[in-house]
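Visitor: For reference, the sequence and a predicted model appear below.
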Amino acid sequence: MHRYSFVLYRPLQLVPVLFGISVLSFVLVKSIPGDPIRLLLGTKATPEAVARIRALYGLDEPLITQYLYYLRNLGIGEMGQSILYKVPVLPLIADRVAPTLFLVLGSVLLTLAIGVPLASIAALKRGSAADHAIRGFTTAGLGFPAFWLGIMLIILFSVKLGLFPVAGYGETVLDKLHHMILPCLTVALALSAVMTRNLRASMIQELASDYATAARAKGLSESWIFRRHVLPNSLIPTINLLAINVGWLIGGSVVVETVFSLPGMGQLLVRAIFTRDYMVVQGVTLVFACATVALNFIADLLTVAADPRVKL
Amino acid sequence: MSELALSRGNWLERRLGALGLGRTNLNLCLGAAIVLGWALVALLAPLIAPYDPISHNLPEKLQGPGLLHPFGTDNFGRDVLSRVMHGARIDLQMGIIGVLFPFMIGTTLGSIAGYAGRWVDIALMRLVDVVLAFPFLVLMLAIIAILGPGLVSFYIALALVGWVSYARLVRAQVLVLKTSDFVTAARSLGFGPLRILFRHILPNCIAGSIVFSMSDVVLVVLSGSSISYLGLGVQPPTAEWGVMIAEGQNFITTAWWITTFPGLAIVFMAFGFSMLADGLAERFGLRQR
């Protein structure tokens, strides 16, 4: 079998997970306290009107039928109406995708920019004072609350040094970039602790491997071996690590968007919770879950592309 | 590998060796000390906190760190140090209760799945896959949206979401252990499946879960304080670190100390538990240094 053939059959394996996600989000909506029709029509509606709307939305049908309706609606991209904004949920979410995507991708790039050099120093100078300092950072960094880190960066870079805006998203592309540096740095600092830790471990392992010894025996210089052999090989597990942390990354972005008042999906979610805009809560949750599944799939693809030995 | 590291001369080990502490498990000692320290602060907060954490004292509002108020005061004149000390009660409680329920549920379900196998295993593991497909914090928030804000909702949401990691961890180990000789021996003695699972297998694979639970405390305290920061967890005026940071955010241009110290408290507590996790892993021989 071709090693990329999983691109075809892997989505089939995802079907049960996607099915489960839809069931779980259906259950979430069904467990909302109170009567959704009363919520829609207000308390003064007559029982007849309530019954009519109930039948219209299929709420008088058995649960399983309701679930099938729900699934059909999802299929055509119908996620209900936002009570607060009075617009369909899906376009509302679509408007908020860009800042969140920007934040997540920017954070991953910055994480690599911070993590790779730190891990290399720690792995190459193992046991040195620098190694201990970096390991201290990775242990402490695991416990850095993203929202607090964001505020600290605002105090340092925006309030004291005046280098970056305190909050907001900006208008032009350059302006947006300027606005996004601190939020991305916030997420990246927290994430790079985990990444540095794992990358260091895999570098140490690769440095001691047979092919590295063979390369040394050929008389290649340490720095050449490190750059051309050890680094690419130890980065492969990092792709997987990032994939595992996608969920964490999205959760972190929800909080960081609130800190920097970025108009992304996370901020939409938090506001929807406060305003009891349940359809929006459900929609955002669903989109985030599907994004996680999709990103994990992409990570699998990247792993195969980077390492010919891997077969999925 | 370890000899190689020693011969290269480990900076920290040489210094510790000079002090006669060569073989001490530094992570475990330091981690335990920090966690115990926080436990003491939490227990004794009403006695050692210099001021009341809740009542307003407007004449002394927004004072910087000084002799009277080492961590300064907030916009209501409340002493930040006293609030950080009282916050330890809430955040430590959050970490412990928030880990206890997922630990118990996950360990039980995971070991049953691993031991029973067949459809029980398939059903539970598919459920784990689905829960893991959701971003942790997002699913927590969605559940809290339904239950309403508050600490109890946080615990319930955590119990519903957090058990999956433990279930996975324990299941994997039960799968390995259930084919081992001592289990076959127990079975040939006529012991029932419950006795074999909970008296023989589980004690042998619980170490991994205990180590994980220590680093899970970090995750729980972080998500608990994040949710409180968002306004969906612990509610003001209760002194909780996430709440304090949220309240202080309006004053970052003038009073940095209101947000800085509660955050440092989170970092310091999390550091303690991370060290403890590392130390325990080393002690149980689960992880190489």
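Guide: Ah, there it is.
Visitor: alpha carbons only for contacts and neighbour counts from here, please
Guide: Noted.
Visitor: Can you pull the phi and psi angles for residue B:74?
Guide: The phi/psi pair for residue B:74 (degrees, to the nearest 10) reads phi -100, psi -170.
Visitor: Can you tell me the closest non-neighbouring residue to it?
Guide: Spatial nearest neighbour of residue B:74, excluding adjacent residues (C-alpha to C-alpha, 6 or more residues apart in numbering or on different chains): residue B:62 at 4.9 Å.
Visitor: ok, the one you found to residue B:235 distance?
Guide: Going from residue B:62 to residue B:235 by C-alpha to C-alpha, to the nearest Å gives 21 Å.
Visitor: can you check residue A:302 too?
Guide: Look at residue A:302 and residue B:235: by C-alpha to C-alpha, they are 44 Å apart.
Visitor: on that earlier part again, hang on, the residue nearest to residue B:74 in a strand?
Guide: No: assignment of residue B:62 by DSSP: H, G, I helix; E, B strand; the rest coil gives coil, placing it outside any strand.
Visitor: and the stretch 1-150 of chain A, which of its residues are near chain B?
Guide: A:16-18, A:20-21, A:28, A:31-33, A:126-129, A:132, A:139-140, A:142-145, A:147-148 (C-alpha under 8 Å from any C-alpha of the partner chain).
Visitor: could you flag which of these are buried?
Guide: If you count burial by 16 or more other C-alpha atoms under 10 Å in any protein chain shown, the buried members of those come out as A:17-18, A:20-21, A:28, A:126-128, A:132, A:139-140, A:142-145, A:147-148.
Visitor: quick one, what contacts residue A:277?
Guide: With contact taken as C-alpha atoms under 8 Å, 6 or more residues apart in numbering or on different chains, residue A:277 is in contact with A:82, A:83, A:84.
Visitor: Please state the backbone phi and psi of whatever residue of chain B ends up closest to chain A?
Guide: Of all residues in chain B, the one sitting closest to chain A is residue B:135 (3.9 Å; C-alpha to the nearest C-alpha). Here the main-chain torsion angles of residue B:135 (degrees, to the nearest 10) amount to phi -60, psi 130.
Visitor: how close does the residue nearest the centre of chain A sit to residue A:191?
Guide: Residue closest to the mean C-alpha point of chain A, counted by C-alpha atoms, centre = their mean, is residue A:250 at 2.9 Å. From residue A:250 across to residue A:191, the span is 11 Å (C-alpha to C-alpha).
Visitor: what's the answer for residue A:223, then?
Guide: Taking C-alpha to C-alpha, one finds residue A:223 at 27 Å from residue A:191.
Visitor: Now do the same for the residue nearest to residue A:60 when sequence neighbours are not counted: its pLDDT.
Guide: Closest residue to residue A:60 in three dimensions, ignoring its sequence neighbours and counting by C-alpha to C-alpha, 6+ apart: residue A:54, at 6.1 Å. According to the predicted model, the pLDDT of residue A:54 comes to 74.
Visitor: Residue B:28 too?
Guide: We note a pLDDT of 88 for residue B:28 in this prediction.
Visitor: which residues touch it?
Guide: If you count contacts by C-alpha under 8 Å, 6+ apart, residue B:28 has them with B:275, B:276, B:277, B:278, B:279, B:280.
Visitor: filter those residues down to the ones near chain A?
Guide: With the criterion set as C-alpha under 8 Å from any C-alpha, the members of the contacts of residue B:28 near chain A are residue B:275.
Visitor: before we move on, back to that, ok, now which ones touch the residue nearest to the centre of chain A?
Guide: Here residue A:250 is in contact with A:104, A:288, B:135, B:138 (C-alpha under 8 Å, 6+ apart).
Visitor: Three-state assignment for it, please.
Guide: On the basis of three-state DSSP, residue A:250 is classed as helix.
Visitor: ok, which stretches of the chain are helices?
Guide: Using chain A here. A:6-30, A:36-41, A:47-56, A:63-75, A:89-124, A:129-141, A:146-153, A:173-207, A:210-217, A:222-225, A:231-244, A:246-259, A:265-274, A:278-306 (DSSP state H).
Visitor: should've been chain B
Guide: Along chain B, the segments classed as helices by DSSP H run B:2-8, B:11-18, B:26-48, B:80-116, B:118-133, B:136-147, B:151-177, B:181-188, B:193-195, B:202-230, B:241-248, B:257-283.
Visitor: Out of those, flag the one nearest residue A:262.
Guide: Distances from residue A:262 to each of the helices of chain B were compared by C-alpha to C-alpha, and the smallest falls on helix B:202-230, at 14.1 Å.
Visitor: Quick check on the residue nearest to residue A:83 when sequence neighbours are not counted: phi, psi?
Guide: When the adjacent residues along the chain are set aside, residue A:83 lies closest to residue A:277, with 5.7 Å between them (C-alpha to C-alpha, 6+ apart). Listed backbone geometry of residue A:277 is phi -90, psi 80, with angles given as degrees, to the nearest 10.
Visitor: Would you mind measuring from residue A:277 to residue A:270?
Guide: Distance from residue A:277 to residue A:270, counting by C-alpha to C-alpha: 10 Å.
Visitor: repeat for residue A:24
Guide: Between residue A:24 and residue A:270 the computed distance is 20 Å (C-alpha to C-alpha).
Visitor: Residue A:197 now?
Guide: 32 Å.
Visitor: who's more crowded, the two?
Guide: Higher neighbour count among residue A:197 and residue A:270: residue A:270, with 26 against 22, using other C-alpha atoms under 10 Å in any protein chain shown.
Visitor: what about the residue in the stretch 101-250 of chain A that chain B sits nearest to, neighbour count?
Guide: Among the residues of the stretch 101-250 of chain A, residue A:247 lies nearest to chain B; the distance is 3.9 Å by C-alpha to the nearest C-alpha. Residues within reach of residue A:247, counting by other C-alpha under 10 Å, total 25.
Visitor: Then residue A:118?
Guide: By other C-alpha under 10 Å, the residues close to residue A:118 number 24.
Visitor: again with residue A:230
Guide: Applying other C-alpha under 10 Å, we find 23 residues neighbouring residue A:230.
Visitor: wouldn't residue A:265 be in contact with residue A:284 here?
Guide: Yes: with contact defined as C-alpha atoms under 8 Å, residue A:265 counts as touching residue A:284 (6.8 Å).
Visitor: who has more neighbours, the two?
Guide: Neighbour comparison, residue A:265 and residue A:284: the larger count goes to residue A:265, with 28 against 25 (by other C-alpha under 10 Å).
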